[in-house]
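Peer 1: Sequence first, then the predicted structure:
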Amino acid sequence: MGDVYKALADPTRRLILDELAERDGQSLFELCGRLAMRHDVTSSRQAITQHIAVLEEAGLVSVRRSGRTRIHHLHTEPLREIVERWLTARED
């Protein structure tokens, strides 16, 4: 679970998750475009790829190939585990 906290610690990674939550199944090109246009994030594609790798390691994003394009998908299960951890603690 520590990887999830590390992944969520960076604001750019949180924006990537926001974009995938709004529209799942985006290519790197689409994500970079949306980050630049909507959030004024001017990071290089290489930097965004590194952020995605951290999110993937934490289980928050998966990547599949479609021809030469890598498509990114959001996975919320690790976030549910965090929420359930503290919601359960409050209900006891």
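Peer 2: Nice, I can see it.
Peer 1: what about the protein, any weak spots by pLDDT?
Peer 2: When the per-residue scores of the chain are filtered using pLDDT under 70, the ranges that remain are 1-2, 88-92.
Peer 1: List the contacts of Ala55.
Peer 2: That one is not Ala; residue 55 is Leu. The contact partners of Leu55, by CB atoms under 8 Å, 6 or more residues apart in numbering, come to 7, 13, 16-17, 61. In short, each C-beta sits where N, CA and C put it, glycine included.
Peer 1: wait, which of those is closest to Ile82?
Peer 2: Ala7 (11.3 Å; CB to CB).
Peer 1: What's the separation between the closest one and Glu84?
Peer 2: Plainly put, Ala7 is 18 Å away from Glu84 if you go by CB to CB, to the nearest Å.
Peer 1: what's the helix or strand encompassing Leu87 packed up against?
Peer 2: Element membership for Leu87, per DSSP states H and E: helix 77-91. Of the remaining helices and strands, those touching helix 77-91 by 3 or more CB pairs under 8 Å, 6 or more residues apart in numbering; DSSP states H and E are helix 2-8.
Peer 1: Quick one: list the elements packing against the helix it packs on.
Peer 2: Other helices and strands packing on helix 2-8, by 3+ CB pairs under 8 Å, 6+ apart, are helix 11-22, helix 45-57, helix 77-91.
Peer 1: returning to that earlier point: which of Ala7 and Glu84 has more neighbours?
Peer 2: Each of Ala7 and Glu84 had its neighbours counted (other CB atoms under 10 Å), and the higher figure belongs to Ala7 (23 against 10).
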